[in-house]
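A.B. asks: Got a predicted structure here, sequence first:
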Amino acid sequence: MSAELIAILAGGMALGGVLLTSLRGISDRLGKVEERLGGVEQRVARLEGLFEGSGLFRPVGTPESAAGD
């Protein structure tokens, strides 16, 4: 093998290692974002329940009753 081929292969392996390390870090961060988004989703659902239970707002899609019914 020539020195140039060895250098190309070594560079490719180094680049592959950097990519794998970066992807693992990104995967970990996305996992944390997913956990936090789940918490936000639960909190929003709780707020929606409080709004619906308060009676201050009509549910979406409910037709308004006509006057005199």
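C.D. replies: The structure has been received and is ready for your questions.
A.B. asks: Could you use CA atoms for every contact and neighbour count after this?
C.D. replies: Fine.
A.B. asks: which stretches of the chain have low pLDDT?
C.D. replies: By pLDDT under 70, the weakly predicted segments of the chain are 58-69.
A.B. asks: Kindly recompute the last result at 90.
C.D. replies: In the predicted model of the chain, residues 1, 48-69 satisfy pLDDT under 90.
A.B. asks: mind listing the helices for it?
C.D. replies: 3-54 (DSSP state H).
A.B. asks: Residue nearest the middle of it, spatially speaking?
C.D. replies: Averaging the C-alpha coordinates of the chain gives a centre point, and the residue nearest to it by Cα atoms, centre = their mean is residue 34 (4.9 Å).
A.B. asks: Tell me how far it lies from residue 14.
C.D. replies: Between residue 34 and residue 14 the distance is 30 Å, computed by Cα to Cα, to the nearest Å.
A.B. asks: do residue 24 as well
C.D. replies: Relative to residue 14, residue 24 is positioned 16 Å away (Cα to Cα).
A.B. asks: Next, residue 56: phi, psi?
C.D. replies: Residue 56 adopts backbone torsions of phi -80, psi -20, taken as degrees, to the nearest 10.
A.B. asks: residues near it, how many?
C.D. replies: Here the number of neighbours of residue 56 (other Cα atoms under 10 Å) works out to 8.
A.B. asks: so how far is residue 35 from it?
C.D. replies: Going from residue 56 to residue 35 by Cα to Cα gives 32 Å.
A.B. asks: what do you get for residue 19?
C.D. replies: Noted for residue 19: a distance of 24 Å to residue 35, by Cα to Cα.
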